[in-house]
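> Sequence below, structure please.
(2 chains)
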There are 2 protein chains.
Amino acid sequence: MSEYLNTLLAHLGRGEPLVQATILAALGSTPRSAGSRMLLAPEADGVRILAGTVGGGLVEAQVMARATHIMDSGGRCAERCAGRCVEQFDLTGELAAGADMICGGRLCVFLERLGPGDLPLFRRLALALRQGQRCLRLTPLAHGPASLLLPKGGCFSGECFGGECFGAEIDGELALEAWRAGQGSAASMVLTARGQDYALEPWAAASPLCIFGAGHVSRPTAQLAAMLGFRVTVLDDRADFASAERFPQAQPRVLDSYADCFAGLPTGPETFVVIVTRGHLHDAEVLAQALRTSAGYIGMIGSRCKRDAVYARLRGQGFSEADLGRVRCPIGLAIGAETPEEIAVSISAELVA
Amino acid sequence: MSEYLNTLLAHLGRGEPLVQATILAALGSTPRSAGSRMLLAPEADGVRILAGTVGGGLVEAQVMARATHIMDSGGRCAERCAGRCVEQFDLTGELAAGADMICGGRLCVFLERLGPGDLPLFRRLALALRQGQRCLRLTPLAHGPASLLLPKGGCFSGECFGGECFGAEIDGELALEAWRAGQGSAASMVLTARGQDYALEPWAAASPLCIFGAGHVSRPTAQLAAMLGFRVTVLDDRADFASAERFPQAQPRVLDSYADCFAGLPTGPETFVVIVTRGHLHDAEVLAQALRTSAGYIGMIGSRCKRDAVYARLRGQGFSEADLGRVRCPIGLAIGAETPEEIAVSISAELVA
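Here you go, the predicted structure:
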C-alpha cells in the first residue's frame, strides 16, 4: 500500500489530478475483495493505471472508461459529473462471460476525482500509517469533503472508538458509527447514516516484519516480503551484511549483539518475526526474546533436529510448551525448498497464509 | 543458474581468475544438497562471493578461507597448491555448534581455480543449456583438464548414454560410466573410475515456464519465477501488456490470437504452463492446447466454480477425466492469496513443490 500512497501523494503534490476507484462492496464471487483500489491518471485519449487494481479484465476496462468521463483528458471534471460516482457491475450477466469471473457476483465501485485539495488529508493519512496507526477515510458518495478518523492515542488495536478527526468535521455520533462499522474490517463499504451514503475505507499500516539475520536466505525473503507490502526491518550484528546495498527495499539495522535485539522494534500482535541468523546459538537467543513479545508470527529456520535442540535449551530457561507452540519451525510451507530463493518463497507463502 | 553462469563467463571473459566451490557429496543432515555451487573472486584481503552459496554460516567462511589459499590476492595460484582441493567438513563436531546445522552431517566441497583456459568449455556448456540440454562436467580432483559430456542428438531426457565430448577427450567406457552415474541426478558427486577420482557435475537447463496472459497476476509471477531460476516466456494477444517494459526478466511474446499458442514453445515434461489470461474463454482455449502437450505442470487461475464450467466445456471436446486430472485449478497453494503479489507467491510455491 505504501507504493500506492506514495504515487498518489507524488501526483497530487505536483498538482496533477487523479481518479481513485475503490471496490466498496463485493457480494458473491468476485476476483478481489472490497477495499481493492486503483489509481488512474488522465492521458491524451483516456486514463492510464498508475497503481493498484480492481481485478483486471472487463470490469477494470469499464472502470477506466467511466473514469475518463469523470475526468476529461485535460484533467478537468466533465460537465455532467460532480467528480464522483458509483458503478454497479452485475457479474452474473454477459460481462462475466469475457471476464475473470464466471459464476456471478456483484461489484460496486466508487470513483472519485482527487485534486490538490485532497493532499492534506492523504498526507495526514500517510503519517498515521508510518506510525503504525489504522485509520478510516469517510467520504460522502454524492459530494462534500472527506474526513479522516484517527485512533485515540495512536492505539491501533481496533478496540478504541473515537479519536481525532482530520479534514471535514463530523459529529460524534457519525464518527462512532463509522468506528463500529470499520473496526476489524479490511474491506471498504457503504455506510448509510441519517439518509446519507458514505464510502468508508479502512486504511491499515503495512505489517511490520523483523528479519533477524542478513545472510543468503534473508535477502530474497526481504525482497519478497517488501513486494507483498510488509514494512521490513533486517537486523544482523555484521555491518557488511545488514547494509542498504544488500537490502534496498528494507530498513537494515546493525546490532552490537543479539542481546536486547527487539529494542525499538514493534512487538505487538501485528508483528511478524523471521529468525534466520547465521547460527543456532544466535537463533536461540533471538527466539527467547521473540517469545517475550506479542508478535503474531514467529518463524525460525532449521531442521526438526535443530529445533528440538533449541527448544530443549529454551525449556531450560523456563519457556512452556504453549510458548514454543507459537513458533513455526521449520519455517515456511513444506514445499521442498532448497535454494535461498525457494526458501524465501516458502517463508513468504507462510507469511500470507 | 543462468545468472551464475553469466557471471562466470563474464569474469573469465575479462581474463579474471575465479575459484568455484561445489558441494560434491552430502551425507546426513546438511543445509544444502550436493550440487550447490559458489563462485569466488580474489580481492585485496581474500576472496568475495560473486554468485551462489554452499549454505552460508561457518562452512562458507571456511571455504572462503581455503579459496584464498588456492588463489592468492593477486589471483595467481599459491605455490603449495595445484589449484584444486577437496575440503571435508564434519558437521557432527564443533563446527556445527556455531553453524546453521546442529545435528551433524558431512560435507565434501571441491574447490577449483578457473582461468581463461576454462572459458571454451563453459561457453559450450552455456550454449547447451540455452538449447535445453542437460550436460555433465567431469573434472579430475587432482589435476588435468575437464571434459564436458553432451547428450546425443540434443536429447535431454536422461535416457541416452554417450554423445559428444567437449574439452579433454575421455575413453568411451569412462563416458558411459559418467552418464550412468549422472543421469537423473541433480547432485554433484565423486566418481571413482580406474583408480582416479573425478568431480561429476550435472548441469541442467533452467526449466521453461510459459505464462499465458500478461496482466496483473502474470507480472509478479514472472518476476518471482525468474528469481527462482525458471526461463520465463509471457504470452498475450495485447502488445501493450506482453512488453519488455512490463516483463524485464522474461521473454514477452505477442500472439495474433490464442489459437495455436504453443507454436515454437517447449512442450516436454520439463515444461511448466501457467494460464492466467484475462478471461475464462481464453483460459479454456489455452488449456485445451496445453493438455495436448506433455507439460509436467499445468496450472489455471480461477475459482472452483469457473473451473467446473471450463472442464465441462473441455469434456464436450473429448478430454477425459485423466486429462483434466493433470490441471492444478485453482492454481497455487491454498494460502488465502488475494492481491496479485500474494497470488504470485502461491503460484511460485506450487511451482517449487
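> pLDDT on the strand or helix carrying residue A:122, on average?
Using DSSP states H and E, residue A:122 sits within helix A:119-130. Taken as a whole, helix A:119-130 has a mean pLDDT of 92.
> Go ahead and name everything in contact with it.
For helix A:119-130, the surrounding residues in contact (CB atoms under 8 Å, 6 or more residues apart in numbering or on different chains) are A:1-2, A:5-6, A:8-9, A:12-13, A:114, A:135, A:137, A:146, A:148, A:150, A:166-167, A:203-206. Glycine gets a C-beta too; all of them are placed from N, C-alpha and C.
> repeat that for 10 Å
Outside helix A:119-130, the residues that touch it by CB atoms under 10 Å, 6 or more residues apart in numbering or on different chains are A:1-2, A:5-6, A:8-9, A:11-13, A:15, A:20, A:114, A:133-137, A:139, A:145-151, A:154, A:156, A:164, A:166-168, A:201, A:203-206, A:231.
> Mark which of these are part of helices, please.
If you go by DSSP state H, those have A:2, A:5, A:6, A:8, A:9, A:11, A:12, A:13 in helices.
> Dump the residues you listed to a markdown table, plus pLDDT and neighbour count.
Shown next, in a markdown table, are those (pLDDT from 0 to 100; neighbours: other CB atoms under 10 Å in any protein chain shown):
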| residue | pLDDT | neighbour count |
| --- | --- | --- |
| A:2 | 72 | 14 |
| A:5 | 92 | 19 |
| A:6 | 91 | 12 |
| A:8 | 95 | 23 |
| A:9 | 95 | 15 |
| A:11 | 94 | 19 |
| A:12 | 94 | 20 |
| A:13 | 94 | 12 |
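> Turn those into JSON lines, including distance to residue B:189.
Listed next are the ones in helices among the contacts of helix A:119-130 as JSON lines, based on distance: CB to CB, whole Å:
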{"residue": "A:2", "distance to residue B:189": "47"}
{"residue": "A:5", "distance to residue B:189": "52"}
{"residue": "A:6", "distance to residue B:189": "50"}
{"residue": "A:8", "distance to residue B:189": "56"}
{"residue": "A:9", "distance to residue B:189": "56"}
{"residue": "A:11", "distance to residue B:189": "57"}
{"residue": "A:12", "distance to residue B:189": "61"}
{"residue": "A:13", "distance to residue B:189": "60"}
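> picking up where we left off before, pull out the buried members of the contacts of helix A:119-130.
Using 16 or more other CB atoms under 10 Å in any protein chain shown as the burial test, these include A:5, A:8, A:11-12, A:20, A:114, A:133-137, A:139, A:146-151, A:156, A:164, A:166-167, A:201, A:203-206, A:231 as buried.
> Confirm residue A:287 sits in a helix?
Yes. Residue A:287: assigned to a helix according to DSSP: H, G, I helix; E, B strand; the rest coil.
> what residue lies at the spatial centre of chain A?
Central residue of chain A (CA atoms, centre = their mean): residue A:206, 4.3 Å from the mean position.
> Quick one: the helices in chain A, in order.
A:2-13, A:57-70, A:94-98, A:119-130, A:172-182, A:218-227, A:280-290, A:304-316, A:321-324, A:340-352.
> neighbouring contacts of the fifth one?
To tie it back to what came earlier, the one meant is helix A:172-182. So helix A:172-182 is contacted by A:134-138, A:147, A:149, A:151-152, A:158, A:160-165, A:169-171, A:188-194, A:196, A:198, A:200-203 (CB under 10 Å, 6+ apart).
> Check the shortest one too.
Residues outside helix A:321-324 that contact it (CB under 10 Å, 6+ apart) are A:287, A:288, A:291, A:292, A:298, A:307, A:310, A:311, A:314, A:315, A:317.
> do the first one as well
Surrounding helix A:2-13, the residues in contact under the criterion CB under 10 Å, 6+ apart are A:16-18, A:20, A:37-39, A:41, A:50-52, A:114-120, A:122-123, A:125-126, A:129-130, A:203, A:205-206, A:226-227, A:229, A:231.
> Write a ChimeraX command that selects only the buried members of the residues you listed.
The ChimeraX command for the buried members of the contacts of helix A:2-13 (criterion: 16+ other CB under 10 Å) is given here:
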select /A:17,18,20,37,38,39,41,50,51,52,114,115,118,119,122,125,126,129,203,205,206,226,227,229,231
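> re earlier: OK, contacts around the closest residue to the residue nearest to the centre of chain A other than its chain neighbours?
Among residues not flanking residue A:206 along the chain, residue A:231 sits closest, at 4.2 Å (CB to CB, 6 or more residues apart in numbering or on different chains). Going by CB under 10 Å, 6+ apart, residue A:231 touches A:2, A:129-130, A:132, A:205-210, A:225, A:250-251, A:266, A:271-272.
> Check residue A:283 too.
By CB under 10 Å, 6+ apart, residue A:283 lies in contact with A:212-213, A:258, A:275-277, A:300-302, A:306-307, A:310, A:329, B:100, B:102.
> Nearest to residue A:242 among these?
Closest approach to residue A:242 among these (CB to CB): residue A:213, at 9.0 Å.
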